[in-house]
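Student: For reference, the sequence and a predicted model appear below.
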Amino acid sequence: MSEAQHEQDSIARRGLLRRAGTVAAGVAGAGVVGAAGATPAQAAAGDPVVQGATNVVDAATTLRNTGARAALRLQSVRTYDEGPGGRVQAEPALQLMPSGSTLSNVAEAGSIGMDMQGNIWIVTGASGGGNDRHVVHTTANSNRIVPLVPQRVLDTRYPSSRALVRETGYLDASGRVLAGRSISLRLTDHLYYADAVFGTLTVVQPTLGGFAQVYPFGTTRPTDFSSINYAPNQIVSNAFVCGVGQDTDMSTWATDLISIYTNRTTHLILDITAAVVGAGRVNPRSAMPVRANRIDLGGRPTWEK
């Protein structure tokens, strides 16, 4: 071996030793690095990731999967039980660090991130000189309409169907709602912190012509609208959409309440057909069955055949 080759081999071995020492320090002494507040580790292509430290890179790392399963699996094994009947909380398996107000316009399709407002963004493709960026719908920024199996929650003609009326003294001896009174209905058998409800209000044989209103519980009754107008002795129905309120008084506390007002004494029937929920939920027994897989439905729609 020539003297020049020997010198090159020595330099290469010293480089390998320095690199091995860096890896060992990163693995065995990660706590020391973090505690000392050292500068972020500079990770070049091919370098290992130093656990417990910030790793600065200038190029993406690709995990290429040649099999049928996930290329990357993140698992959290720590959980916390909130107590009897409570939910089990899990440590997060992944954290997106909030940054900026949107994703970069050169981010590649499939990129995902969180802005400083807590919105999750995803890039779905290229568009002209930039890309297509969209906000992911979550219970923090959106809600959804959940179809219900139609439920009759009030029919004042029958004592058994008045159970959800919270007020006393607002019905006459036959169960009709008295003129000029508002009653409230508790919908907690079907809804849990819903935002709104769809339904139908029916007026049955009012004593005089007038109007009825469905409005959110806990709000001042609006005076310039009607959900339905009716004539004497008429049986007439109309659809409505109404916000859902809650009673915050600790002595009468309840969620998922709506109010109904009539300016003439009459029987009332109220059916609900759908709910709007964000973070809230719908009783599974009240909801229409929904396919778990909404994308892979099989077959083709008629307009594509």
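Tutor: That came through fine.

Student: C-alpha from now on. contacts and neighbour counts both.
Tutor: Noted.

Student: surely residue 115 meets residue 122?
Tutor: No. The pair residue 115 and residue 122 fails to qualify as a contact (CA atoms under 8 Å) at a distance of 10.9 Å.

Student: which residues do the two both contact?
Tutor: When contacts are counted by CA atoms under 8 Å, 6 or more residues apart in numbering, the set common to residue 115 and residue 122 consists of residue 103.

Student: In terms of neighbours, single out the busier of those two.
Tutor: Shown here are residue 115 and residue 122; by other CA atoms under 10 Å, residue 122 has more neighbours (20 against 17).

Student: so which helix or strand takes in the more buried one?
Tutor: Using DSSP states H and E, the secondary-structure element containing residue 122 is strand 120-127.

Student: which strands and helices sit next to the helix or strand following that strand?
Tutor: Next along the chain after strand 120-127, taking DSSP H and E as the criterion, comes strand 130-135. Of the remaining helices and strands, those touching strand 130-135 by 3 or more CA pairs under 8 Å, 6 or more residues apart in numbering; DSSP states H and E are strand 120-127.

Student: Parallel or antiparallel, list what pairs with the strand it packs on.
Tutor: Based on DSSP bridges, the strands next to strand 120-127 in the sheet, each with its direction, are strand 112-114 (antiparallel), strand 130-135 (antiparallel).

Student: Indicate which one of the ones you listed is closest to residue 186.
Tutor: Closest to residue 186 of the strands paired with strand 120-127 is strand 130-135 (CA to CA; 34.4 Å).

Student: Quick one: residues in contact with that closest one.
Tutor: Residues from elsewhere that reach strand 130-135 (CA under 8 Å, 6+ apart): 103, 105-109, 119-126.

Student: mind listing what residue 266 touches?
Tutor: 176-179, 203-207 are the contacts of residue 266 under CA under 8 Å, 6+ apart.

Student: Include mean neighbour count and mean pLDDT when you put the strands paired with strand 120-127 into CSV, please.
Tutor: Compiled in CSV, the strands paired with strand 120-127 are given as follows (neighbours: other CA atoms under 10 Å; pLDDT from 0 to 100):
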stretch, mean neighbour count, mean pLDDT
strand 112-114, 20, 94
strand 130-135, 17, 90
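
Student: could you dump the ones you listed to CSV with distance to residue 245?
Tutor: Formatted as CSV, these follow (distance: least, CA to CA, whole Å):
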stretch, distance to residue 245
strand 112-114, 31
strand 130-135, 28
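
Student: quick one: residue 273 and residue 191 touch, right?
Tutor: No. Taking contact to mean CA under 8 Å, the distance of 11.8 Å between residue 273 and residue 191 leaves them out of contact.

Student: Can you get me the start-to-end distance on stretch 58-74?
Tutor: The first and last residues of stretch 58-74 sit 23 Å apart, counting by CA to CA, to the nearest Å.

Student: so how far is that stretch from its chain's centroid?
Tutor: Centroid displacement of stretch 58-74 relative to its chain, using CA atoms, centre = their mean, to the nearest Å, is 28 Å.

Student: so for it, what's the average pLDDT?
Tutor: Taken as a whole, stretch 58-74 has a mean pLDDT of 84.

Student: Now do the buried residues in that stretch.
Tutor: Residues of stretch 58-74 classed as buried by neighbour count (16 or more other CA atoms under 10 Å): none.

Student: From residue 184, how far out is residue 246?
Tutor: Between residue 246 and residue 184 the computed distance is 10 Å (CA to CA).

Student: Touching both of the two, which residues are there?
Tutor: 217, 257.

Student: remind me which residues of the stretch 1-150 of the chain are low pLDDT?
Tutor: Applying pLDDT under 70 to the stretch 1-150 of the chain flags the ranges 1-45, 83-85.

Student: Show me the helices in it, by range?
Tutor: 3-28, 30-36 (DSSP state H, counting those that start in this stretch).

Student: if we can go back for a sec, more neighbours: which of residue 273 and residue 191?
Tutor: Higher neighbour count among residue 273 and residue 191: residue 191, with 25 against 19, using other CA under 10 Å.

Student: show me what contacts that one?
Tutor: Applying CA under 8 Å, 6+ apart, the residues contacting residue 191 are 256, 275, 280-283.

Student: 6 Å - rerun?
Tutor: For residue 191, the residues meeting the contact criterion (CA atoms under 6 Å, 6 or more residues apart in numbering) are residue 282.

Student: before we move on, the earlier item: now list the buried members of the contacts of strand 130-135.
Tutor: The buried subset of those (16+ other CA under 10 Å) comprises 103, 107-108, 119-124.
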